[in-house]
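>>> next one to model:
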Amino acid sequence: MVDARQTALAVLNTLDLGKKTLDRIMLEIPQGDDYLSRRDRALMSAMVYGVLRWRGRLDHITAYFSNTPIGKIQPEVLNILRLGLFQIIFLDRVPDSAAVNTSVELTKQSKSCRAAGFVNALLRKAATDYKHVPLSTFQEDPLTFLTSGQSVPEWLAKRWLKRLSAETIITLCKTINAIPPITIRTNTLKTDREQLIRSLEDRVEHIEPTSYALDGIKIMNPKQSIQHLAAYKKGWFQVQDEAAQLVALLLNPQPGETVLDACAGLGGKTAHMAQLMRNQGTITALDHNAKKLKQLSDEMRRLGVSMVKAVCHDLQIPLAENQLYGFDRILLDAPCSGLGVMRRNPDIKWNSSTSRLEGCADIQKRILENLAAMVKPDGILVYAVCSMEPEENEAVIKEFLKKQPDFVIDKRLGKLPETIRSRVKPIAGFRTLPFINDMDGFFLARLKRRK
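This is a model prediction of the structure:
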């Protein structure tokens with residue numbers, strides 16, 4: 001059996017290589033108590049996500065106590081320090097001595113074993129004095145408050161300071177640094193929300209229906225992994241944030257229609273559309289990743305969805321003439337920066353940049369242009385991204401409408417519940433915001449092709 005701290009360090013070191021996302025790395029960790037006990041798996045996860053949420057503050061404290069400039073500390077040693085500091089500052093159940101000693105042992109076992117004395121000295125000093133490390137207030141120095149206190153990367157902090165109020169920024173930071181609930185969507189092809197809640201009540205610490213999405217449920221601290229819950233094995237639900245559940249409701253596909261899920265991924269929104277269509281009609285699930293499409297097909301079988309056809313294609317390349325045209329409705333859940341889901345995927349903020357935003361926007365515009373001719377006259381196209389940044393939101397829609405005069409903003413709001421309709425500004429689309437709606441940050445726009 002491996003150690004929780006060793007595994008956490010391995011995850012952070014792998015993430016630093018920049019070749020895999022945190023989600024993928026975590027999925028590759030072997031399952032089962034013979035590898036990591038449930039308790040150790042929970043500790044490992046808490047440390048990994050905690051370090052990524054608070055990396056800016058942890059590095060600020062490290063720099064305060066270190067005689068070596070933080071840029072010259074070996075990456076693996078820096079991750080060990082981050083893990084140790086996170087335990088000291090945020091994990092009350094871990095004694096400071098245990099946090100220090102285990103960090104020293106990790107260093108001795110690493111390629112940087114000579115740094116064990118440095119790690120020991122810094123963490124012992126920090127354990128005693130970290131509360132005295134100065135942190136700027138927003139009024140004193142807004143940028144330092146965000147980067148060192150709230151762990152927002154400098155490039156992103158500067159963007160927010162230009163366009164958001166102080167109150168909004170402070171509330172946003174508080175929200176994205178908090179641990180979010182697990183949100184699931186009832187598979188109404190097999191059950192209903194009330195029955196699903198009853199089946200899960202004794203398997204989770206807390207459960208409640210979502211505020212906006214009609215089939216959503218929020219849960220906290222399940223007693224076993226999601227995949228091992230009986231209701232999951234029966235295909236009664238999928239894990240899906242409440243904001244993502246609004247996407248298919250805005251599109252509102254009808255039974256018997258022909259629908260395209262243009263960037264289907266693993267099929268969360270594909271399955272939701274199938275539910276709304278009562279498993280009647282055809283959904284073409286298109287993605288450039290064949291491995292994801294295989295997983296999507298397996299997921300459709302688990303959920304009892306039989307109307308989905310998987311097609312592998314990169315939509316940045318136009319399809320051949322007369323291939324996959326004439327859809328009643330198209331959903332484009334476009335590739336994006338993912339900055340709207342930082343509270344669930346805190347690695348995103350450290351792997352993004354202004355240039356990446358611009359690159360994502362170029363891809364989004366290209367895919368939209370290639371989809372335009374595939375929508376039937378009088379058909380509907382919904383654009384969705386899990387980002388709150390303007391380049392990926394209104395700017396994309398504005399340019400698309402300029403180039404495609406046969407499309408207009410559709411002011412009809414599909415099947416969106418009344419509780420969210422009042423927040424919609426159909427002139428360009430609408431956002432969901434973590435600090436207002438307690439859901440991920442999404443931008444959605446519903447477009448209609450003229451007859």
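>>> so where do the strands sit in the stretch 301-450 of the chain?
308-312, 327-333, 375-385, 407-409, 430-432, 442-449 (DSSP state E, counting those that start in this stretch).
>>> let me see the domain layout of this protein.
4-134, 182-239, 242-449 (automatic domain parsing).
>>> between those domains, which one is nearest to residue 166?
Residue 166 sits nearest to domain 242-449 of all the domains of the chain, at 13.2 Å, using CB to CB. For glycine as for every other residue, the C-beta is placed from the backbone atoms N, C-alpha and C.
>>> residue 140: neighbour count?
10 (other CB atoms under 10 Å).
>>> and residue 314, by the same measure?
For residue 314, the count of nearby residues is 12 (other CB under 10 Å).
>>> list the contacts of the residue nearest the centre of the chain.
Closest residue to the average C-alpha location of the chain: residue 341 at 3.6 Å, with CA atoms, centre = their mean. Residue 341 sits next to 241, 348, 386, 440, 441 when contact means CB atoms under 8 Å, 6 or more residues apart in numbering.
>>> if you set the cut-off to 7 Å instead, what comes out?
348, 386, 440 (CB atoms under 7 Å, 6 or more residues apart in numbering).
>>> on that earlier part again, out of the strands of the stretch 301-450 of the chain, nearest to residue 220?
Comparing the strands of the stretch 301-450 of the chain by CB to CB, strand 430-432 comes nearest, at 20.4 Å.
>>> related to what we said a few turns ago, and residue 176, which of the domains of the chain is closest to it?
The nearest among those, by CB to CB, is domain 242-449 at 4.4 Å.
>>> on that earlier part again, so which of the domains of the chain is the most surrounded?
domain 242-449 (a mean of 19; mean count of other CB atoms under 10 Å).
>>> distance check, the nearest residue to residue 264 once chain neighbours are set aside against residue 244.
Leaving aside its chain neighbours, residue 264 sits nearest to residue 285 (3.8 Å; criterion: CB to CB, 6 or more residues apart in numbering). Look at residue 285 and residue 244: by CB to CB, to the nearest Å, they are 16 Å apart.
>>> tell me the pLDDT of the closest residue to residue 377 other than its chain neighbours.
What sits nearest to residue 377 in space, not counting adjacent residues and going by CB to CB, 6+ apart, is residue 451, at 4.7 Å. pLDDT recorded at residue 451 is 84.
>>> make CSV from the domains of the chain and add distance to residue 160 to it.
Putting the domains of the chain into CSV (distance: least, CB to CB, whole Å) gives the following:
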stretch, distance to residue 160
domain 4-134, 14
domain 182-239, 25
domain 242-449, 10
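>>> quick revisit: isn't the residue nearest to residue 377 right up against residue 378?
Yes. Counting by CB atoms under 7 Å, residue 451 touches residue 378, with 4.9 Å between them.
>>> comparing the strands of the stretch 301-450 of the chain by mean pLDDT, which bottoms out?
strand 430-432 (a mean of 85).
>>> what's that one packed up against?
Contact partners of strand 430-432 among helices and strands, from 3 or more CB pairs under 7 Å, 6 or more residues apart in numbering; DSSP states H and E: strand 442-449.
>>> distance between the helix of greatest length in the chain and the chain's centre?
What stands out as the longest helix in the chain, according to DSSP state H, is helix 354-372. Taking CA atoms, centre = their mean, to the nearest Å, one finds helix 354-372 lying 19 Å from the centre of the chain it belongs to.
>>> got the angle between that helix and strand 327-333?
For helix 354-372 against strand 327-333, the angle by axes from the mean of the first three to the mean of the last three CA atoms, to 10 degrees is 170 degrees.
>>> check the closest residue to residue 374 other than its chain neighbours and give its pLDDT.
Nearest non-adjacent residue to residue 374, counting by CB to CB, 6+ apart: residue 325, 5.1 Å away. On pLDDT, residue 325 comes in at 84.
>>> look up phi and psi at residue 325.
Dihedral pair for residue 325: phi -120, psi 170, per degrees, to the nearest 10.
>>> how near is it to residue 309?
Residue 325 sits 15 Å away from residue 309, going by CB to CB.
>>> so what's residue 59 up against?
residue 70.
>>> nearest residue to residue 305 in space, please, no chain neighbours.
residue 274 (4.4 Å).
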